[in-house]
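A.B. asks: sharing a sequence plus its predicted fold:
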Amino acid sequence: MPIETAALVVADVPADADLLAVPYSSELNPALAVDLHVPVADLLAHYEAKGEAGEIVEVPVAREGGVGRVLFYGVGDGSPRALRRAAAAVSRRARGREGIAVVVPDGDVTVFAEAALLACYFFKIGTPGKKPVAAITFVGADEQGVRRGRIVARAVALARDLANTPASVKTPAWLADRAVEQAVEQGGGQGVTARVWDEEQLKAGGFGGLVAVGMGSANPPRLIQLSYTPAEPATRHVVLVGKGITFDSGGLSLKPTANMKTQKTDMAGGAAVIAVLGALAELGAPVRVTGLIASAENMPSGTAQRPSDVITQYGGRTVEVLNTDAEGRLVLADALAYADAELDPDVVVDIATLTGAITVALGRDVGAVYSTDDDLAKQLVDAGQSSDDKLWRMPLIEDYAAGLRSSIADLSNVEIGSTYGGGSITAALFLREFAGKRSWAHLDIAGVGRSTVDEGVLAKGATGFGVRVLLEWLTKP
Ligand code: BES
Ligand code: MN
Ligand code: ZN
């Protein structure tokens, strides 16, 4: 269930609005059919309102035939960050209601609408509790701004839905169907086209990483390719690669239950790629974009790969698999090598819930970006800042690459022992081997892919991290 809340735009406060939100900064519209009996400034002083973003002062007002409410909301310094907080607070206060009319603040209405809608996201299988507000009417807002906010919020919600779906439903084949569905909704041949490799085709095509990770599962792997071509000829071709592990049990290097139970979201990177490809046409992105989602289920069984197996990745490089729980890099390596060999991209960006170690380094609010290209790293960090999917650049420490040497294969998939440590860094170094000479960036979103709180624009569970930063980067010049 994505965001069910409708978003409307009107010029003036609807006469029948029984719940109205007004920013502190604006005087009440005298045409409003509400009588506060006291001036707004006195009211706010009475409640000792500070005007901080997220603060709300609720005032009952006499309405025709009963009592209505006005929510005065603070907007802090009016920055995009503050407006997001304010919008989420307003939406949340309207939970359970049919509608709310929100007089929009000065400033970036796109981020305001986006956050207001994201705060209405919920995922429930069964009887829903108190539902988010059914409709938000943005009063005095720029239509195009609200439209963009709505498209971005819907894309984030799609990524969350895919990641929140239980793995009993979400097999690699199911994920491929959802991806193809997105392509069809974008107008098929006009905007986005899709291609899916099944297990046999992966074997025949030499995708040894996907085959090895998938072979322990009753649900076989898929490689999914989505291609977006803009209406105007593009000068740049970007490839996005997403990790699509529909469930990561660890394989024979089995995870303990506490670590395993969150691993249905191990395809969050792939979900972000699907959602981004689903929104590019609507946003009129000027670049050619190819999405690759490397999807498999990592399970232990009599047919599973073993720690110590040697596999051959796409393109011929051999890897000694010393830990089957370092599976993400194996499926991503195939996709990166395929992109380099076959797609001739100008830039490759992969996104993956790759390592628990990055949560130790950066926590739950900031994702990691690694890159061989300083410009690209900066572009992504900047886009992260403005889109609110915050990224911090991490170093590719050359010396640590020695940890991935294998005595019997070209590479090992994990460091044996911990001479170097830095698990997220060594994972990034492993991926770099397969990106060729392309301008490449890797986003490790293991820390930010899930939220433990239901707060602001976040709901418990999948966050949809990556959708906003990638859309920002791909659609803003
Ligand atoms: N999917 C996990 C990473 C992860 C951990 C994502 C926690 C979200 C939350 C990944 O496949 C994994 O298991 N990584 C191992 C790597 C190790 C075996 C080198 C890890 O982080 O422990
Ligand atoms: Mn794993
Ligand atoms: Zn994983």
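C.D. replies: It's in. These numbers come from a predicted model, not from an experiment. Ligands and ions are numbered 1, 2, ... in the order given.
A.B. asks: get me the contact residues on this protein for ligand 3.
C.D. replies: Residues of the chain lying near ligand 3 by C-beta under 5 Å from the ion: 245, 248, 266, 328. For the C-beta atoms, the positions are set from N, CA and C on the backbone; glycine is no exception.
A.B. asks: nearest to G363, of those residues?
C.D. replies: Closest to G363 out of these is D266 (19.0 Å), distances taken as C-beta to C-beta.
A.B. asks: the closest one: how many residues sit nearby?
C.D. replies: Neighbour count of D266, defined by other C-beta atoms under 10 Å: 26.
A.B. asks: was I right about it contacting G250?
C.D. replies: No: using C-beta atoms under 8 Å, D266 is not in contact with G250; the gap is 10.5 Å.
A.B. asks: what about the closest residue to ligand 2 within the stretch 1-150 of the chain, helix or strand, and which?
C.D. replies: Closest residue of the stretch 1-150 of the chain to ligand 2, C-beta to the ion: F123 (23.3 Å). According to DSSP states H and E, F123 maps onto no helix or strand at all.
A.B. asks: for the residue of the stretch 301-450 of the chain found nearest ligand 3, the count of nearby residues, please.
C.D. replies: Proximity of the stretch 301-450 of the chain to ligand 3 (C-beta to the ion) peaks at G328, 4.4 Å away. Here the count is done by other C-beta under 10 Å, and G328 has 31 residues near it.
A.B. asks: and if you look at D375?
C.D. replies: 10.
A.B. asks: likewise for V38?
C.D. replies: Neighbour count for V38, taken as other C-beta under 10 Å: 12.
A.B. asks: again, but for A194
C.D. replies: 19.
A.B. asks: for it, phi and psi?
C.D. replies: phi -130, psi 150 (degrees, to the nearest 10).
A.B. asks: torsion angles phi and psi at the closest residue to R81 other than its chain neighbours?
C.D. replies: Excluding its sequence neighbours, the residue lying closest to R81 (C-beta to C-beta, 6 or more residues apart in numbering) is D388, at 7.2 Å. The phi/psi pair for D388 (degrees, to the nearest 10) reads phi 80, psi 0.
A.B. asks: was I right about D388 contacting V111?
C.D. replies: Yes: between D388 and V111 there is a contact under C-beta under 8 Å: 7.4 Å.
A.B. asks: so which of those two has more stuff around it?
C.D. replies: V111 (25 against 19).
A.B. asks: gap between the more buried one and V276?
C.D. replies: Going from V111 to V276 by C-beta to C-beta, to the nearest Å gives 18 Å.
A.B. asks: how about the secondary structure of L332?
C.D. replies: Under DSSP: H, G, I helix; E, B strand; the rest coil, L332 falls in the helix class.
A.B. asks: OK, contacts around it?
C.D. replies: Contact analysis of L332 by C-beta atoms under 8 Å, 6 or more residues apart in numbering lists 209, 241, 243, 294, 350, 352, 354, 431, 434.
A.B. asks: and the residue in the stretch 101-250 of the chain that ligand 2 sits nearest to, how many neighbours?
C.D. replies: Residue nearest to ligand 2 within the stretch 101-250 of the chain: D248 (4.4 Å; C-beta to the ion). Burial of D248 is recorded as 27 neighbouring residues (other C-beta under 10 Å).
A.B. asks: longest helix in the chain, please.
C.D. replies: helix 143-164 (DSSP state H).
A.B. asks: buried stuff in that helix?
C.D. replies: Residues of helix 143-164 classed as buried by neighbour count (16 or more other C-beta atoms under 10 Å): 145-164.
A.B. asks: wondering if it reaches ligand 1 at all.
C.D. replies: No: Helix 143-164 lies out of reach of ligand 1 by C-beta under 6 Å from any ligand atom, never closer than 10.9 Å.
A.B. asks: and stretch 323-343, how far apart are its ends?
C.D. replies: 30 Å (C-alpha to C-alpha, to the nearest Å).
A.B. asks: I'd like the average pLDDT over it.
C.D. replies: Stretch 323-343 shows a mean pLDDT of 99.
A.B. asks: quick check: angle from the host helix or strand of F247 to helix 143-164?
C.D. replies: Element membership for F247, per DSSP H and E: strand 237-248. Relative orientation of strand 237-248 versus helix 143-164 (axes from the mean of the first three to the mean of the last three C-alpha atoms, to 10 degrees): 40 degrees.
A.B. asks: is any residue of strand 237-248 near ligand 1?
C.D. replies: Yes: using C-beta under 6 Å from any ligand atom, strand 237-248 reaches ligand 1 at D248.
A.B. asks: and after that strand, which helix or strand comes next?
C.D. replies: Next along the chain after strand 237-248, with elements defined by DSSP H and E, is helix 257-260.
A.B. asks: R148 reaches T110, doesn't it?
C.D. replies: Yes: counting by C-beta under 8 Å, R148 does reach T110; the two are 4.9 Å apart.
A.B. asks: before we move on, the earlier item: among the contacts of L332, which ones are in strands?
C.D. replies: Residues of these located in strands (DSSP state E): 241, 243, 294, 350, 352.
A.B. asks: list the contacts for the residue nearest to the last one when sequence neighbours are not counted?
C.D. replies: It stands for A352. Excluding its sequence neighbours, the residue lying closest to A352 (C-beta to C-beta, 6+ apart) is K243, at 3.5 Å. Counting by C-beta under 8 Å, 6+ apart, K243 makes contact with 266-270, 294, 328, 331-332, 350-354.
A.B. asks: kindly report the same for F465.
C.D. replies: Per C-beta under 8 Å, 6+ apart, neighbours of F465: 268, 272, 367, 389, 445, 448-449.
A.B. asks: quick one: which two of those residues are the most distant?
C.D. replies: Most distant of these, by C-beta to C-beta, are A268 and D389, 12.1 Å apart.
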